[in-house]
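coordinates only, sequence not included:
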């Protein structure tokens, strides 16, 4: 990881600046930005547009990061576009892996003649490789939390200023609920750039997965109370598009929301014919969302299968999630710099001494087998999206 815009701009210039040939919607935030990108893309596709979507990280396959109307780029096409990007790399200013991939996405969307590209920020915003468009159709800041503070800054204001770096002069800014310190920083940037700012309230929960935003009733396919806010941000975003150029009916909004898919977030899955819940929950804010959802279910002990990267807020996440009587199976996160299962288990025992059991495992499959075999509890896999990638590919 090496934040900065010089390399990506040089790379895109060598490719003919494909980002200038595709209108874009740019989405940043600590949590929820992937869901908002999925909702926005699905709505615009339902309205009849050809929609590119760029997100990260992937869960099972690299092709998931680059989609058109929900369909991932074909592996042979991905290879072709990556080769074309690599061919123009300046060896004296070598781009990062993410920058190469971002350039390939822009080139693919341009040559596939997409009507719009919905671009998710990789990290931060101001210096992220996706931040290369001078006049996006709209920019969205979904949320502000403490993730990646080591890179983005030690305060919520610092983090918010980095994410507000995606805002552009006179382009609509759609802002989700953020802490007061972050709100102040974002508002300063909005006033400086004269952005039309929208702060949509969460949709109203109608029960049974139904919700209402303004006068539009939708069926939410993604679970969790936070999706009331995420769906509202997405609907507000598409409604900022000028009606002279974009035709988006209430029916397209309803259809698009209902057809949205975003795997790996509060998703029910299977492990060897046993039902389990999988979720990233890789920072305190997302851990709160997971805990709130679990509290709406039938009470039963949770059998946690948990692994975390070494840079995450281990103590706070464990404090939010663990309850007396739970079982914890700590595991490594594959191919990542993660906290050791033994260290994570020892930390958990100091924070929640009333766990039924707490066992470190070096083998993920054995940990899942041990957790899921007891049907009296609910098995939940969380702590890292990279951990979910392994589970979904091996279940």
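Cool, got the structure. Keep in mind it's a predicted model, so treat the numbers as computed, not measured. Residues are numbered from 1 along each chain as shown.

Report the mean per-residue pLDDT for the helix or strand containing residue 186.
Per DSSP states H and E, residue 186 falls inside helix 180-193. Helix 180-193 shows a mean pLDDT of 96.

Ok, stretch 289-309 next?
Rounded mean pLDDT across stretch 289-309 is 95.

List the buried residues in it.
289-291, 293-294, 301-309 (16 or more other CB atoms under 10 Å). (Each C-beta comes from the backbone N, C-alpha and C, glycine too.)

Could I get the full set of helices for the chain?
Using DSSP state H, the helices of the chain run over residues 6-14, 33-46, 75-87, 97-111, 149-152, 156-163, 180-193, 227-239, 250-258, 284-294, 314-321, 341-351, 364-372, 385-394.

burial measure for residue 174, as a count.
28 (other CB atoms under 10 Å).

which stretch in the helices of the chain is the model least sure about?
helix 149-152 (a mean of 72).

Please list the outside residues in contact with that one.
Applying CB atoms under 8 Å, 6 or more residues apart in numbering, the contact partners of helix 149-152 are 1, 3, 123-124, 158-159, 162-163, 311.

switch to 7 Å and redo it
For helix 149-152, the surrounding residues in contact (CB atoms under 7 Å, 6 or more residues apart in numbering) are 123-124, 158-159, 162, 311.

cool, and stretch 77-88?
For stretch 77-88, the surrounding residues in contact (CB under 7 Å, 6+ apart) are 11, 14-15, 62-63, 66, 100, 103-104, 107-108.

what about stretch 86-97, how long is it end to end?
In stretch 86-97, first residue to last residue: 10 Å (CA to CA, to the nearest Å).

Could you list the buried residues of that stretch?
Buried-residue list, stretch 86-97, by 16+ other CB under 10 Å: 89, 95-96.

ok, back up a step: next, format the contacts of stretch 77-88 as TSV and append neighbour count and distance to residue 25.
TSV is the format used below for the contacts of stretch 77-88 (neighbours: other CB atoms under 10 Å; distance: CB to CB, whole Å):
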residue	neighbour count	distance to residue 25
11	26	22
14	14	25
15	18	21
62	15	23
63	15	21
66	25	16
100	20	22
103	30	19
104	27	19
107	23	18
108	26	17
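
Identify the farthest-apart pair in the residues you listed.
Using CB to CB, the pair of the contacts of stretch 77-88 lying farthest apart is 14 and 63, separated by 23.9 Å.

what's the most distant pair in the buried residues of stretch 289-309?
Top of the distance list for these (CB to CB): 301 and 309, 26.2 Å.

In contact with the most centrally placed residue in the chain, which residues?
For the chain, residue 34 is the residue whose C-alpha lies nearest the centre (CA atoms, centre = their mean; 3.3 Å). Residues near residue 34 by CB under 7 Å, 6+ apart: 55, 120, 262.

any idea how far residue 80 is from it?
Distance, residue 34 to residue 80, by CB to CB, to the nearest Å: 26 Å.

just residue 295 next, same as before
48 Å.

can you check residue 384 too?
31 Å.

What is the burial count for residue 353?
Neighbour count of residue 353, defined by other CB under 10 Å: 9.

do residue 146 as well
18.

From residue 31, how far out is it?
From residue 146 across to residue 31, the span is 11 Å (CB to CB).

Next, show the common contact partners of those two.
Common neighbours of residue 146 and residue 31 are listed as residue 283 (criterion: CB under 7 Å, 6+ apart).

Residue 162 versus the nearest residue to residue 179 once chain neighbours are set aside, what's the distance?
Excluding the flanking residues, the one nearest residue 179 by CB to CB, 6 or more residues apart in numbering is residue 156, at 5.3 Å. Residue 156 sits 11 Å away from residue 162, going by CB to CB.

what residues are up against residue 267?
residue 278.

who's it bridged to?
Note on residue 267: beta-bridge partners residue 278, judged by DSSP bridges.

my guess is residue 332 meets residue 307, correct?
Yes - Residue 332 lies in contact with residue 307 (CB atoms under 7 Å); the separation is 5.7 Å.

Give me the common contacts of those two.
residue 338.

hmm, back to that, would CSV of the contacts of helix 149-152 with distance to residue 198 and neighbour count be doable?
Shown next, in CSV, are the contacts of helix 149-152 (distance: CB to CB, whole Å; neighbours: other CB atoms under 10 Å):
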residue, distance to residue 198, neighbour count
123, 25, 19
124, 22, 20
158, 24, 14
159, 21, 27
162, 21, 24
311, 33, 16
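
since we're on residue 272, how many residues are nearby?
By other CB under 10 Å, the residues close to residue 272 number 11.

for the one 5 residues further on, same thing?
Here the count is done by other CB under 10 Å, and residue 277 has 19 residues near it.

How about it: what's its closest non-neighbour residue?
Counting by CB to CB, 6+ apart, the residue nearest residue 277 is residue 380, at 4.8 Å.

Likewise for residue 128?
Computed as CB to CB, 6+ apart, the closest residue to residue 128 that is not its neighbour in sequence is residue 121, at 4.8 Å.

can you count the residues close to the closest residue to residue 171 other than its chain neighbours?
What sits nearest to residue 171 in space, not counting adjacent residues and going by CB to CB, 6+ apart, is residue 136, at 5.4 Å. Residue 136 is flanked by 22 other residues according to other CB under 10 Å.

Tell me the spacing between the residue nearest to the centre of the chain and residue 250.
Taking CB to CB, one finds residue 34 at 25 Å from residue 250.

Please parse the chain into its domains.
Domain assignment of the chain by automatic domain parsing yields the ranges 6-258, 267-394.

roughly how far out does the longest one sit from the chain middle?
A distance of 10 Å separates the C-alpha centroid of domain 6-258 from that of its chain, computed with CA atoms, centre = their mean, to the nearest Å.

and it, how far apart are its ends?
40 Å.

Next: the last one.
Domain 267-394 has an end-to-end distance of 16 Å (criterion: CA to CA).

What pLDDT does the model give the residue nearest to residue 304 when sequence neighbours are not counted?
Using CB to CB, 6+ apart and skipping the chain neighbours, the partner closest in space to residue 304 is residue 328 (4.8 Å). Reading off the confidence values, residue 328 has pLDDT 98.
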